[in-house]
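Novice: Predicted structure and sequence below. I'll ask about it afterward.
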Amino acid sequence: MPRAPATAAPLRRRAAACALLPALLGGCVGTGVQDVLAPTGPQAARIADWFWISYALAVAVFVAFAAILAYGLLRARRRERRGEPAELPPSHGRGLVIWGGIVVPTAILLTLLVLSAYTDRRISRLGRGPGEHPVTIQVVGHQFWWEVRYRDPANPHREFTTANELRVPVGRPVRLVLSARDVIHSFWVPNLHGKMDLIPGRTNDLVLQVDEPGVYRGQCAEFCGTQHAKMAMLVEALPPAEFAAWWERQLRPHPTPVDSALARGHDVFMQNGCGLCHSIRGTEAHGSVAPDLSYFGERRTIAAGTLPNTRGHLGGWISDPQAIKPGNRMPAVPLEGDDLRALLSYLHSLR
Amino acid sequence: MATLDPALAPDTPAGDLHLLERTWSAPRGLGGWFMHVNHRRIGRRYIATGLALFLLAGLEALAIRTQLAVPENDFLGPEAYRQVFTMHGATMMFLFAVPIMEGIGIYLVPLMIGARDMALPRLNAFGYWMYLIGAVTLYAAFFLGVAPNSGWFNYPPLSRREHELTIGIDVWWVVVSMLEVAALVGAVGLIVTIFKMRAPGMSLNRMPIFVWSILVMAFMIVFAMPTLMTTSIFLGLDRMVGAHYFDPAGMGDPLLWQHIFWYFGHPEVYIMFVPGLGMVSMVVATMSRRPVYGYTAVVLSLIATGILSFGLWVHHMYATGLPRLGTSLFTAASMLVTLPTSVQFFCWTATFWGGRPRFTTALHFVLGFLVIFLIGGITGVQLGSVPFDLQVHDTFFVVAHFHYVLLGGVVFPLFAGIYYWWPKVTGRLLSERLGKLNFWLMFLGVHLAFWPQHHLGFMGMPRRVYTYLAEMGWGTLNLLSTVGAFTVAAGVGVFLVNAAVSLRRGAPAGDDPWAAESLEWSTSSPPPPYNFRLVPTVRSRTPLWDPDRAEQPVVVGLRDDQREALSTTLLDARPDHRVVLPGPTIIPFVAALAAATPFVGVLFGLHWVPIGAALTFLAFTAWNWPHHLGTRLEPEGGPEHRLAAAERAREEAEKARGEEVRR
């Protein structure tokens, strides 16, 4: 699994969190591949900043209330032991309720509210200024995979489709246009930005920016059916020049292979009806209900982040997808051993 | 402590105690079991059914936690997991929390306000039967393997027919609609009882805080539940007759569901939570041996919570792409709603501060509530922020948040209430030693189960996933969380043992084991069928703590040979007129069977809707038929009877006003 490169700053913050959080956990658990508090984009960073402020206030509020409550209980107990009257002077009670119950909480809430509104403004401005032309990528949610279409408003011939993996340029705003084919899904890459729903019949957009090259994992965040758990995606941030070169490469159609093994794989693909659902640019496979397989050989994972894209896993997936991801839409394709091997070689040659 | 026994009020006519007993006694036999209308019977049934469903939902939670304990587990398959997490949510929200709070209200409110029974007892019984039929239907589907499987929130388009053919979704909307009927009639009965049946002198500003909280809850039910019923029937029409309310291809909109659902769903959370606040206030006062500090502030806070809770629903929908200005207003509202609760927190603190707290199990649960709910409230404020919510929405951070809120705000106050009122209901004491063990297991278990889930949310673990890859690094925290869930379950197990032991050989409780302040403790434990031998009058907010309690007047002039109760005016509780309440009857049960027919029948065919509607019409005609089924209740007879009865009631009320309040 690719791991997000963690910079020093978030690590320091995380260490601070470990020191502050109650010891209930018995130590702090290290960074995962998805991490809200290890931001690598400006929006995730601003949100994390807001969280740390609110966290500090939360700790203060909790400690203060616990102290007041404990003091009150102990005081009452002590007075009872000494046989002193328990009564609270009315002014004390009023002070507690007015200051503790109203004034101080209002001040804290207003602080958080203003900071929240400020953070919200900042994160929603990215890439929306005049003269900014973010890279536009359309993401369409399907049960249980992501269709990714690269858009070029100036030249529709430079557009292409891929699936489950996004490549984006580092340091440049990327505008994601989100919609869904069947049910509601939600696009979420925690290290980069918050989530946004993909809703049938509507279009949402989400602008994000990746500040450091690397691979970031995300996962569907709205319950979308039986395999909601296995609907992940990867975002790979490339230096701008590399990104441009990658885009150029994607536009080349695949010629029918000349190598005999690969040609057999190509024929197996076409003769078994794979092309009814999948498409491979440059061949007669034009299906649109399943992931586009042009440049499938470049992908890191298969079945939307379920398995690493190795020959063995791919063979298992084609033979019995329902065992690996029960409830997904791919039917099992019974193939002879030789045919399967040829097909695997062909698919992995698409790069 | 003062009592209203005639022996202590020598100039009170004793009346015919045997006659009174017979008039109010419950019917016997198997047939009689379906005929109860008494509020304590109905309340007990609600509470027992609610607790049974709480245990079932708890077992479902353990199944969920077992599946998630280790990565790539196969304890539950993906489809089974869908059904189990849906059942856990739906049971806890619809079948446990709301009904049990209503049930406790139904049991306690008449006792607290000095009434002999609820107003509208038959409607009350009807509500219980609708609830039971709904619960049985849902669990029948579960055990047949066709439970609802798309979450208790059931978002379309996933829940539309083209994506989920399973009858489980239809079971969901049918059962939810039946439960809403039950909740609504229960709420109506509670409102009428609280407004019209209070003991003379218990003006609104002398009502126990728990009664206020039930009143607020009941009004919230009246305003929130019809929206859910509407939208679940829209969904039913989409699925059964091809309507397009939520179909984007037919000019419908999936977001319409989310708006209507959360317009109900957010107040729903507070419907469960507000009665908990009321219980906490009662326990705090009794266990601190002084009235709650700031009665007016606490009551206004309850009302404010009820009203504000209707303005928060969009904070469940920040990630749906709604306009930013609108969502930021909901941030402000979400933060504002914490203020009434913080006022109450400090009112209780001031009560402890100026009281003499007794650290009973009930008070332990209250203190546990304060700690757990405070943490849940803090994360709630954080979740109100749009940018932060975009990150943690639909992750385990939210799961942690609302379990802190609901275990803290509903289950802990409920257990405080159970330990507090158990002696009144059963006449026996619970073991304090087992009670403390029960508390500590649950308190530590809650933190162990849910604290790690905050971190899982930050580590990117979404909700409602049936499994996860080992590489994600979520294994350790999930395992801890599972251990915590089993610790909570052990605590609940200790409670069951405690309850069983108490029922078999618990120490007798006496009328008032806690030296409490409100009227329910002035009658015997368990209370007699008529609640109060002599209906009390009230002169303060803490009637049993009045120094001259023994000399206070009581109400006389209510007949012993009929189920007669005194109705008082809404604001000041001045005696108004006498009402004769209906006695045991099979009609509510029959009417509930009839009214459930179209709902359950639609699962088998649309033709059951008109058949069921006709049966319902017949049942309610029978309900309102003059001289029905041999009950001898002249005021509910035909119009001429009613007029005569009203005349008589007015005359008698005139007379009563003179003699009622003796001394």
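Specialist: Perfect, I can see it now.
Novice: residue of the stretch 1-150 of chain B with the smallest distance to chain A?
Specialist: With CB to the nearest CB as the measure, B:Pro78 is the residue of the stretch 1-150 of chain B nearest to chain A, at 4.7 Å. Every C-beta, even on glycine, is put in place using the N, C-alpha and C of the backbone.
Novice: quick one, what contacts that residue?
Specialist: Listed by CB atoms under 8 Å, 6 or more residues apart in numbering or on different chains, the contact partners of B:Pro78 are A:Thr226, A:Gln227, A:Ala229, A:Pro326, A:Gly327, B:Tyr466, B:Thr467.
Novice: Residue ranges in chain A under the pLDDT threshold?
Specialist: Across chain A, the ranges flagged by pLDDT under 70 are A:1-32, A:86, A:88.
Novice: Ignoring the adjacent residues along the chain, who's closest to the residue nearest the centre of it?
Specialist: Centroid check for chain A by CA atoms, centre = their mean gives A:Val189 as the closest residue, at 2.0 Å. Excluding the flanking residues, the one nearest A:Val189 by CB to CB, 6 or more residues apart in numbering or on different chains is A:Gly218, at 3.4 Å.
Novice: Secondary structure element holding the one you found?
Specialist: For A:Gly218, the element it lies in under DSSP states H and E is strand A:214-219.
Novice: List the buried residues in whatever helix or strand B:Pro275 lives in.
Specialist: Secondary structure from DSSP H and E places B:Pro275 in helix B:254-288. Going by neighbour count (16 or more other CB atoms under 10 Å in any protein chain shown), the buried part of helix B:254-288 is B:254-255, B:257-288.
Novice: phi, psi of the residue lying closest to B:Gly134 once chain neighbours are set aside?
Specialist: For B:Gly134, ignoring the flanking residues on the chain, the nearest one in space by CB to CB, 6+ apart is B:Met178 at 3.9 Å. As for B:Met178, its main-chain torsions (degrees, to the nearest 10) stand at phi -60, psi -40.
Novice: Give me the pLDDT value at B:Met178.
Specialist: Listed pLDDT for B:Met178 reads 96.
Novice: Could you tell me which residues make contact with it?
Specialist: Under the criterion of CB under 8 Å, 6+ apart, the contact list for B:Met178 reads B:Met130, B:Tyr131, B:Ile133, B:Gly134, B:Thr137, B:Ala596, B:Phe599.
Novice: Now do the strands in chain B.
Specialist: B:535-536, B:554-555, B:564-568, B:575-580 (DSSP state E).
Novice: Among those, which comes closest to A:Gln209?
Specialist: For A:Gln209, the closest of these is strand B:564-568, at 67.4 Å, according to CB to CB.
Novice: close to chain A, is stretch B:235-246?
Specialist: No: for stretch B:235-246, no contact with chain A is found by CB under 8 Å from any CB of the partner chain; the gap never falls below 9.7 Å.
Novice: same thing with stretch B:532-541?
Specialist: No: applying CB under 8 Å from any CB, one finds stretch B:532-541 separated from chain A by no less than 16.0 Å.
Novice: still on that earlier bit, quick check: mean pLDDT of the helix holding B:Pro275?
Specialist: 96.
Novice: Which strands or helices does that helix pack on?
Specialist: Judged by 3 or more CB pairs under 8 Å, 6 or more residues apart in numbering or on different chains; DSSP states H and E, helix B:254-288 is in contact with helix B:98-112, helix B:209-241, helix B:295-308, helix B:338-353, helix B:361-384, helix B:396-406, helix B:412-426.
Novice: would you list those in TSV and tack on mean pLDDT?
Specialist: Converted to TSV, the helices and strands packed on helix B:254-288 look like this (pLDDT from 0 to 100):
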stretch	mean pLDDT
helix B:98-112	97
helix B:209-241	96
helix B:295-308	97
helix B:338-353	95
helix B:361-384	97
helix B:396-406	97
helix B:412-426	98
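Novice: Mean neighbour count, the ones you listed: which tops it?
Specialist: Comparing those by mean neighbour count (mean count of other CB atoms under 10 Å in any protein chain shown), helix B:98-112 ranks first with a mean of 27.
Novice: export that helix as CSV, just CAs?
Specialist: Taking Å, rounded to 0.1, in the frame of the first residue of the first chain, the C-alpha atoms of helix B:98-112 are listed here in CSV:
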residue,chain,number,x,y,z
VAL,B,98,-38.5,6.9,22.0
PRO,B,99,-41.0,4.2,23.2
ILE,B,100,-39.2,3.6,26.5
MET,B,101,-39.1,7.4,27.3
GLU,B,102,-42.8,7.6,26.4
GLY,B,103,-43.4,4.5,28.6
ILE,B,104,-41.7,6.0,31.6
GLY,B,105,-43.7,9.2,31.0
ILE,B,106,-46.9,7.2,30.8
TYR,B,107,-46.1,5.3,34.0
LEU,B,108,-44.8,8.3,36.1
VAL,B,109,-46.6,11.4,34.9
PRO,B,110,-50.1,10.6,36.5
LEU,B,111,-48.3,9.6,39.7
MET,B,112,-46.3,12.7,39.7
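Novice: and the angle from it to strand B:564-568?
Specialist: Relative orientation of helix B:98-112 and strand B:564-568, computed by axes from the mean of the first three to the mean of the last three CA atoms, to 10 degrees: 90 degrees.
Novice: where's A:Leu206 relative to chain B, distance?
Specialist: Distance of A:Leu206 to chain B, computed by CB to the nearest CB, to the nearest Å: 9 Å.
Novice: And that residue, how close does it get to A:Leu198?
Specialist: Computed with CB to CB, to the nearest Å, the distance linking A:Leu206 and A:Leu198 is 10 Å.
Novice: neighbour count winner among those two?
Specialist: Neighbour totals were compared for A:Leu206 and A:Leu198, and A:Leu198 leads with 29 against 26 (other CB atoms under 10 Å in any protein chain shown).
Novice: mind listing what the more buried one touches?
Specialist: A:Leu198 is in contact with A:Val139, A:Val140, A:Gly141, A:Leu178, A:Ser179, A:Ala180, A:Ile184, A:His185, A:Ser186, A:Phe187, A:Asn204, A:Glu222, counting by CB under 8 Å, 6+ apart.
Novice: ok, 6 Å please
Specialist: Residues near A:Leu198 by CB atoms under 6 Å, 6 or more residues apart in numbering or on different chains: A:Gly141, A:Leu178, A:Ser179, A:Ala180, A:His185.
Novice: That concludes my questions; thank you for your assistance.
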